[in-house]
Every structure is written in structure tokens, then in C-alpha cells.
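Participant: Fold the following.
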Amino acid sequence: MNIFEKEFKRRIEREISIKGTGEIIGSELKRRRLQSNETLETLSEDICSTSYLCKIERSSINPNKQYLYEICKKLDIPKNQLDYLMDLGSLLRDSLKCLLNNDAITINKIVLNGIGFENYRYQLLILIKHLINKDYIQVNELRNDLFKLVSTMQDYDLIVFAIINAFEDYYEGYYKEAIEDVKDVFKISTDVTVRVLATMIIFKACLKLNRKDSTYYYFILKNMLIDNNMHSFLEYYTYLFLINMLKNGCYSTYEEIKPTITNEKYINTLDILDSFYKKDFSKLKSINKEASVYASFIRRIHFKDEYIFEDIRSFNSDYTIDDYDPLMIEYLLCQDDQERIDFIKDVVFTRLSITNDEYHKQFFMNEIIQLPWPNKGKNIKSIFNYLYGGGIYGNFTM
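Facilitator: Residues are numbered from 1 along each chain as shown. This next block holds a predicted model:
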């Protein structure tokens, strides 16, 4: 049970709900007071009682706005910054919509307007900004600092952090963890943006793992997008679903749904992948239009494009692109059986130990059976056990 699953369970079972903005304001005022070398007594003088200010900092009362303005004035906090601080909840909701729409311009403005704050809610805004701008190293560094605050986060903040964490886990290839991060948000949130983002990440992670419930989540997501007039996302997620249908040989479903795709790039990509997965390479020559990077590389590898190695090396072949399969591309580049065997030993086994991807397990198990593997008869069973969780890597001779 991961940290979010555990915390969601704790709140649901104990009927705990942490809401409001008091904690954020109180902690921020205390930090600014200490930075200004003010005591409770000197700061509260001519404004309110010392005990009242103490309660504000402890978040044990809902503070009077006039008192807040006077306190902030004394701390040289402009009124617009206090308004920003008090509006952080709605700004966080706006930022989550930026994540949904990949809106870098708006999130950059939101974060810029809050420079100077250090509370965890503002850090969540920064995390969303880094995620949208694909600054994954910075996302990792900042989220590690926030894990220790999970039990004290307000409900919506916790949900947002879980979604951010799921996206980062997905981009790092930890697909099972991404699902676990957000699978319980539906139990404590009715927010449309939250539910759509959580379903999107679960669906994409299921596709990467080649799980059978990918179809279930596709139709859940499809209905959710239609019901909430988010039609602009529907074609893309249908396109991803169709790639999965091709990979698994579900051609009747593929043929039934494919006519709903109108984007020319998606259509060309599906046509190339259709030929690739069916091993009907005769069609590839006639498909020479714009397609996804993955489909274009497959086509060029098949036709032995002399520049393909250089182009693939210069391409950032990470796992953050939904319709790109770097493991497959690298394998297709292998020139002979020994290279293929070495690649499976050195790269595939390590990668599958992280992703537990059923499609790649099946694909590479079939490749191993066909390849002239060392001590093949003795080792096939051990390799199978390793790939499917029943064995240990060291049990077979490499």
C-alpha cells in the first residue's frame, strides 16, 4: 500500500476531512514574522491581542480579514499578496485545469504572481508548473520534500499531490505505482477535473502494462469526456486505445472504432502500426505521410534508412511519450541474433522488472523461444519464471 492509498484509506475509514485555508495563512504569517524578527507581542501591538495572533498562526481560528490586512501591512506583505494567499485554493483548482489542458502560459503566470511564498500549497503550484514544462528532475526533488506533509495536507491538496505524483510515476515508467497513487481519489472527490485526470492516468498506465481492464477504463473515460463536454480529448485517447487493440490482435474492435478517427496523423500512424503488428509490410511503401515518431521510426527501420541510427540517438527516446515504445525501437535496431540476445539480457529484463508490462513480456518471450539462446532447453523455463514473477534472474545461464 503506497503513501496516498494509505492516507486516503485513513481519512475515509475515520471520516477525517481537512478543509479550509487557515493552516496555509497561519504558517505563512509565522514564517514571515520570524524572518522579520518580530515577536508575537510586537507584531500584534495596536492590532489584536497576542493570544489572537497566536491562534491565527496555529490555524485554530478563522481570522478577521481586517486584522490580517493590518498584520500583513506591518510585515510588508502587500494586499495583493494576501489576496493571493487567501485565494490559493481556487488557484490550485485553476492550476489543475492547466495540467489537464497542458497550459504552460497560464500556470507560469500563476506561479510568478506568488513568488515569495513557501507554504506547501504554493509548492504544489510549482510542481504542476514543472510537470507541464517537463522539468521532471525538479518535480522529483520537490515532491520528495512534500511526502512528509501528506498526513497534514488538506483534502484537495492531498488529491492534487496524488495526481502530480501519478503523472511523475507514469513518466518514469512506474505504471503500477501511478495507478495506486490515484485509484482512491474517486472515493473522496467529486471534482470533474480531478476525476478526469485520475482516469486519464489510470487508462494510460493500463495501456502501458497491457492490462485487460484497459478497455473498461477507456469506456469510463470516453463517457466522462462526453458527459462533461471535453470532446477535444476524446480522439486522442481513442487513438491510444486503438494502438492497444492492434498490439493485442483485437482487429474487429479496431475496425469498428477506427472510422471515428479524423486526425490525419493518427490515421497514418494507425495504418503503419496495423502493417507492423500484422507483419504485412507490403503496405508500408504506400504510407509515406506524417505519422507519429514511433510509427515513422518503424517504417524507416524496415526500409533500412541509413540515417535512422543517428536520428534515433538524437531523439529523446524516454518513456514520457504515450504512443512511443523506445524498448521496441531499440530492439528492432539490433542487427543480428547475438545483438538481440544481448539486448534482452542487458536491457529488457531490467526494464520489465520495473514496468511489469504484459505486452513486452509476451513479445520478448516469443523472441527468446525463436532466438538461438544459450543452453536454450535448460533455460527457457527459468526465463519464463523470471518474466512472469516465479523465478530469479540468476537461475539461468546467460
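Participant: going forward, measure contacts and count neighbours with C-alpha atoms only.
Facilitator: OK.
Participant: all helices for the stretch 151-300 of the chain, in order.
Facilitator: Per DSSP state H, counting those that start in this stretch, the stretch 151-300 of the chain carries helices over the ranges 155-171, 175-182, 192-209, 214-227, 231-247, 251-257, 264-278, 293-302.
Participant: list the buried ones in the second one?
Facilitator: Looking back up the chat, that one is helix 175-182. Of all the residues in helix 175-182, those buried under the rule 16 or more other CA atoms under 10 Å are 175-182.
Participant: repeat for stretch 137-149
Facilitator: For stretch 137-149, by 16+ other CA under 10 Å, it's 139-140, 142-143.
Participant: Next: stretch 339-352.
Facilitator: Neighbour counts over stretch 339-352 (16+ other CA under 10 Å) mark 340-341, 343-344, 348-349, 352 as buried.
Participant: roughly how far is that stretch from the heart of the chain?
Facilitator: In terms of CA atoms, centre = their mean, to the nearest Å, the centre of stretch 339-352 is set 26 Å apart from its chain centre.
Participant: go on, stretch 95-106?
Facilitator: Relative to its parent chain, stretch 95-106 has a centroid offset of 14 Å by CA atoms, centre = their mean.
Participant: Need the CA coordinates for that stretch. CSV is fine.
Facilitator: Taking Å, rounded to 0.1, in the frame of the first residue of the first chain, the C-alpha atoms of stretch 95-106 are listed here in CSV:
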residue,chain,number,x,y,z
SER,A,95,-3.6,25.0,-12.0
LEU,A,96,-5.1,21.5,-12.2
LYS,A,97,-7.1,22.7,-15.2
CYS,A,98,-3.8,23.9,-16.7
LEU,A,99,-2.4,20.4,-16.2
LEU,A,100,-5.4,18.9,-18.0
ASN,A,101,-5.1,21.4,-20.9
ASN,A,102,-1.2,21.5,-20.9
ASP,A,103,-1.5,25.2,-20.5
ALA,A,104,2.1,26.4,-19.7
ILE,A,105,1.4,30.1,-20.2
THR,A,106,-1.3,30.3,-17.5
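Participant: For the residue nearest to the spatial centre of the chain, list the residues it contacts.
Facilitator: Central residue of the chain (CA atoms, centre = their mean): residue 167, 1.3 Å from the mean position. By CA atoms under 8 Å, 6 or more residues apart in numbering, residue 167 lies in contact with 178, 201.
Participant: Begin at 37 from now on, thanks
Facilitator: With the count now opening at 37, the last piece we talked about shows up as residue 203.
Participant: so how far is residue 327 from it?
Facilitator: Noted for residue 203: a distance of 25 Å to residue 327, by CA to CA, to the nearest Å.
Participant: shaky segments in the protein?
Facilitator: Scanning the chain with the threshold set as pLDDT under 70 gives 37, 50-59, 321-324, 352-355, 412-415, 417, 422-434.
Participant: Quick check: can you list the domain ranges of it?
Facilitator: Following automatic domain parsing, the chain resolves into domains at 56-179, 190-296, 299-369, 370-434.
Participant: which of those is buried the deepest?
Facilitator: With neighbours taken as mean count of other CA atoms under 10 Å, the domains of the chain reach their highest mean count in domain 190-296, at a mean of 19.
Participant: Dump the domains of the chain to TSV, plus distance to residue 43.
Facilitator: Output for the domains of the chain, formatted as TSV (distance: least, CA to CA, whole Å):
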stretch	distance to residue 43
domain 56-179	16
domain 190-296	9
domain 299-369	27
domain 370-434	24
